[in-house]
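Mind looking at a prediction? Sequence and model below.
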Amino acid sequence: MSARRRHQQAGPDDPPSSLAPSGVAKTIAVIILVFCLLYFLLPIAWVVISSSKSNADLVSTPGFWFGHLRFAENYAKLMDWTQGFFWRWVLNSVIYSCVAGAVGTLVSVSAGYALGKFRFPGAAVMEGTIMGGLLMPVALLTIPLYIVFNHAGLTNTMWAILIPSCVSPFGVFLGKVFAQASVPTELLEAARIDGASEARVFFTMVLRLLAPAMVTIFLFIFVATWNNFLLPLMMVNSPQIKPVTLGLYGMMSYFAPQKGAVMMGALLGVLPLIVLFLVLQKYWQAGLAAGAVKG
């Protein structure tokens, strides 16, 4: 087959034959992708299977084998042990994550836009301080945060979880990168010449241009808040305001816990995250791709 005929049969997105990967490279790539797929799917499958077992079944039929299907029994045990608070905990996690994600996204893109498109004294120091926050583990800040919130009288309240979760140094960094790449300075100057205020420029123009970045930042903050464990453990002890992660931890710390019921709770507790990722997957991928190309 001639080179011209091979070029005609190639798809529009296929690389030139001179740049196409070899067969060995394709095989290695497929093996790595299959390994990554199994790495992420097997824990989910294990949780689904384990949620159908009792403690005895987990010993007699371990691994990825269904024993006696005890989904209804484990759900009843879950509701009984949590005294009906389980879905309240899930709702609390949804509230914490949604509020933190929405407020944190707005704060992040606002700060990132200011750092990326404005020049003012101290901007370099502020940016360096925010970037330094990326290097500090969240656990390192938990005890100082507890001391501050305890003196402010905000411990054992929802604010003790919401306020720290609304701050994301990574979100500010990502917002700055997107603002520099996606917001033309000429467009801002034209809007100012037409008499638009800075607030109107930001809320009517800039936020639309930064929409892909906002979806990505929202997902990062949402997942980080949902998975946060140490901060709620330090800040709250009332069962009415616990997130689902802290509630399930209390169930596991109980003497002789019903592990199948805990697995049932973990499975039900992660469903909102799965639904959110499926709904926002297209926008999230578009945001990552735009950041990779424009950054």
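Nice, thanks for sending it over. Numbers count the residues shown, from 1 in each chain.

Which strand or helix spans Met131?
helix 123-134 (DSSP states H and E).

Need the contact partners of that helix.
111, 115, 169-170, 172-173, 176 (Cβ atoms under 8 Å, 6 or more residues apart in numbering). (C-beta placed from N, C-alpha, C; glycine too.)

How about stretch 259-268?
By Cβ under 8 Å, 6+ apart, stretch 259-268 touches 47-48, 50-55, 57-58, 70-71, 74-75, 77-78, 81-82, 86, 90, 244, 247-248, 251-252.

Just the buried residues of these.
By neighbour count, with 16 or more other Cβ atoms under 10 Å, these hold 50-54, 57-58, 70, 74-75, 77-78, 81-82, 86, 90, 244, 247-248, 251 as buried.

Could you pick out which of those are located in helices?
Per DSSP state H, helices hold the following members of those: 50, 57-58, 74-75, 77-78, 81, 86, 90, 244, 247-248, 251.

Now tabulate the residues you listed in TSV and tack on pLDDT and distance to Arg192.
Rendered in TSV, the data for those read as follows (pLDDT from 0 to 100; distance: Cβ to Cβ, whole Å):
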residue	pLDDT	distance to Arg192
Ser50	83	59
Asp57	74	68
Leu58	73	65
Asn74	84	61
Tyr75	87	59
Lys77	86	63
Leu78	87	57
Trp81	85	60
Phe86	90	53
Val90	92	46
Val244	91	47
Gly247	86	51
Leu248	84	52
Met251	77	57
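
wait, which of the residues you listed is closest to Phe220?
Val244 (19.2 Å; Cβ to Cβ).

in which helix or strand would I find the nearest residue to Lys77 once chain neighbours are set aside?
The spatially closest residue to Lys77, leaving aside those adjacent along the chain, is Ala261, at 4.0 Å (Cβ to Cβ, 6 or more residues apart in numbering). If you go by DSSP H and E, Ala261 is part of helix 259-294.

Val24 now?
Going by DSSP H and E, Val24 is in helix 23-50.

name the helices or strands packed onto that helix?
If you count contacts as 3 or more Cβ pairs under 8 Å, 6 or more residues apart in numbering; DSSP states H and E, helix 23-50 packs onto helix 259-294.

re earlier: what about the helix holding Met131, average pLDDT?
The pLDDT scores in helix 123-134 average 86.

Next: stretch 33-42.
Stretch 33-42 comes out at a mean pLDDT of 91.

Now do that stretch: everything it contacts.
Contacts of stretch 33-42 (Cβ under 8 Å, 6+ apart): Phe64.

can you count the residues close to Val167?
18 (other Cβ atoms under 10 Å).

Quick check: it vs Val138, distance?
Per Cβ to Cβ, to the nearest Å, Val167 is found 10 Å from Val138.
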